[in-house]
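> whatever this is, show me its structure:
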Amino acid sequence: MPDRPAIQVRGLRKAYRSQTVLDGVDLDVPAGTVFSLLGPNGAGKTTTVNVLTTLIRADAGEAFVAGHSVAAAPAAVRAAIGVTGQFSAVDKLLTGAENLAMMGDLQHLPRACTRQRAAELLERFDLADAAGRRAGTYSGGMVRRLDLAMSLIGEPRVLFLDEPTTGLDPRSRRTLWRIIRGLADGGVTVFLTTQYLEEADELADRIAVLDRGRLVAQGTPAELKRLVPGGHVSLQFADAAGLAAAARALGDPPANPDALTLQVPSDGSVAAVKALLDRLDGTTVTSLSIHTPDLDDVFLALTAEQVTA
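Residues are numbered from 1 along each chain as shown. Reported below is the predicted structural model:
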């Protein structure tokens, strides 16, 4: 089935004794996209990843990854995926090249294939010059790039990244963003959990917000931002007469006479802005800016939790 999602989840449930961690989660992740799962600590993000990567079994529901049932065909799922967790799998006593060779052996790849893939990945992740150095001498950004390269040694169709940039400086984080976006552009499906909302906004084609084991919203970043009130269009005019005329036409929205601006509630969509300008009846607008809620606003509104970075 060519249109089948790369990841499909229905009614996923998981509990530990009396604590329900996942409470009927449904997900669809199209192939070749970046999907981000957001939620406060303890929301169930890592449990979701652990179920989908066959590390733990769900209590109820069904999940398919790369067309294979997680419950019925875990070996097929593991053969189709790569995983980079919150904690690096890099062996600091081995060189970069040896770490990649170790992963190839663990996946039972032919030695010649492993050598070729390792060389390609070291070059792709800008690690070729450091291939012979022990990973313990690498910077934090280099270790995370090597960790990601190791998860790709078997050319997975689906890649799970569980908070992959935690602890990295902004430059290293943006380098990994570019790599992740390139993987999706090349056809790899990326399932990303992160506490950095800017990261989800930058990378994700679609986002789901998980709170107390339940999905409270799903959609594109733009769709989620429109769920939260507070969006507006700021209009500036050349003089007080233009400001007054526009205020009358728009029903007297909040005005700043000193700055000659009006603030008009709006979702910021093209259609809404066009309709707003049409209502001005010829009054000239000198500048216009659109202000929409960001993912921080969405996160706080949907989870009632403080964001932890």
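
> how far does the helix ranked longest in the chain sit from its chain's centre?
Longest helix in the chain, counting residues (DSSP state H): helix 170-185. Here helix 170-185 is found 11 Å from its chain centre; the criterion is C-alpha atoms, centre = their mean, to the nearest Å.

> what is the next helix or strand after that helix packed up against?
Counting by DSSP states H and E, the next helix or strand C-terminal to helix 170-185 is strand 189-193. Applying 3 or more C-beta pairs under 8 Å, 6 or more residues apart in numbering; DSSP states H and E, one finds that strand 189-193 makes contact with strand 34-38, helix 45-52, strand 158-162, helix 170-185, helix 197-203. For every residue, glycine as well, the C-beta is placed using N, CA and C.

> again, only this time at 7 Å
strand 34-38, helix 45-52, strand 158-162, helix 170-185 (3 or more C-beta pairs under 7 Å, 6 or more residues apart in numbering; DSSP states H and E).

> what residues does the first one touch?
So that's strand 34-38. For strand 34-38, contacts defined as C-beta atoms under 7 Å, 6 or more residues apart in numbering pick out 29, 45, 48, 180, 184, 190-194, 200, 203-210, 299.

> just the buried members of those?
Buried residues within these, defined by neighbour count using 16 or more other C-beta atoms under 10 Å: 29, 45, 48, 180, 184, 190-194, 200, 203-204, 206-210, 299.

> enumerate every residue touching the closest residue to residue 181 other than its chain neighbours.
Leaving aside its sequence neighbours, residue 181 sits nearest to residue 203 (C-beta to C-beta, 6 or more residues apart in numbering; 6.1 Å). When contacts are counted by C-beta under 7 Å, 6+ apart, residue 203 touches 34, 36, 177, 180, 181, 192.

> can you tell which of the helices and strands packed on strand 189-193 is closest to residue 238?
The closest of the helices and strands packed on strand 189-193 to residue 238 is helix 170-185. By C-beta to C-beta, the value is 39.8 Å.

> mind exporting the C-alpha coordinates of that closest one to PDB?
Extracted C-alpha coordinates of helix 170-185, given in PDB (Å, rounded to 0.1, in the frame of the first residue of the first chain):
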ATOM      1  CA  PRO A 170      23.100  26.700  19.500                       C
ATOM      2  CA  ARG A 171      25.600  26.300  16.600                       C
ATOM      3  CA  SER A 172      25.800  22.500  17.100                       C
ATOM      4  CA  ARG A 173      22.000  22.300  17.400                       C
ATOM      5  CA  ARG A 174      21.500  24.100  14.100                       C
ATOM      6  CA  THR A 175      24.000  21.800  12.400                       C
ATOM      7  CA  LEU A 176      22.000  18.800  13.500                       C
ATOM      8  CA  TRP A 177      18.800  20.500  12.300                       C
ATOM      9  CA  ARG A 178      20.200  20.900   8.900                       C
ATOM     10  CA  ILE A 179      21.200  17.200   8.900                       C
ATOM     11  CA  ILE A 180      17.800  16.100  10.100                       C
ATOM     12  CA  ARG A 181      16.000  18.100   7.500                       C
ATOM     13  CA  GLY A 182      18.200  16.700   4.800                       C
ATOM     14  CA  LEU A 183      17.400  13.200   5.900                       C
ATOM     15  CA  ALA A 184      13.700  13.800   5.500                       C
ATOM     16  CA  ASP A 185      14.300  15.500   2.100                       C
END
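
> counting by contacts, list what it packs against.
helix 140-151, strand 189-193, helix 197-203.

> got the angle between that helix and helix 140-151?
Computed by axes from the mean of the first three to the mean of the last three C-alpha atoms, to 10 degrees, the angle separating helix 170-185 from helix 140-151 equals 20 degrees.

> list the buried residues of helix 170-185.
Within helix 170-185, judged by 16+ other C-beta under 10 Å, the buried ones are 172, 173, 175, 176, 177, 179, 180, 183, 184.

> and stretch 136-155, by the same measure?
138, 141-154.

> all helices of the stretch 1-150 of the chain, in order?
45-52, 74-80, 96-106, 111-124, 140-151 (DSSP state H, counting those that start in this stretch).

> would you format those as a markdown table with mean pLDDT included?
Shown next, in a markdown table, are these (pLDDT from 0 to 100):
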| stretch | mean pLDDT |
| --- | --- |
| helix 45-52 | 94 |
| helix 74-80 | 95 |
| helix 96-106 | 95 |
| helix 111-124 | 95 |
| helix 140-151 | 93 |
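
> of the ones you listed, which is nearest residue 290?
helix 45-52 (31.1 Å).

> outside of the closest one, which residues touch it?
Contacts for helix 45-52 (C-beta under 7 Å, 6+ apart): 7, 12, 14, 21-22, 25, 37, 39, 56, 58, 63, 65, 70, 160, 162, 193, 210.
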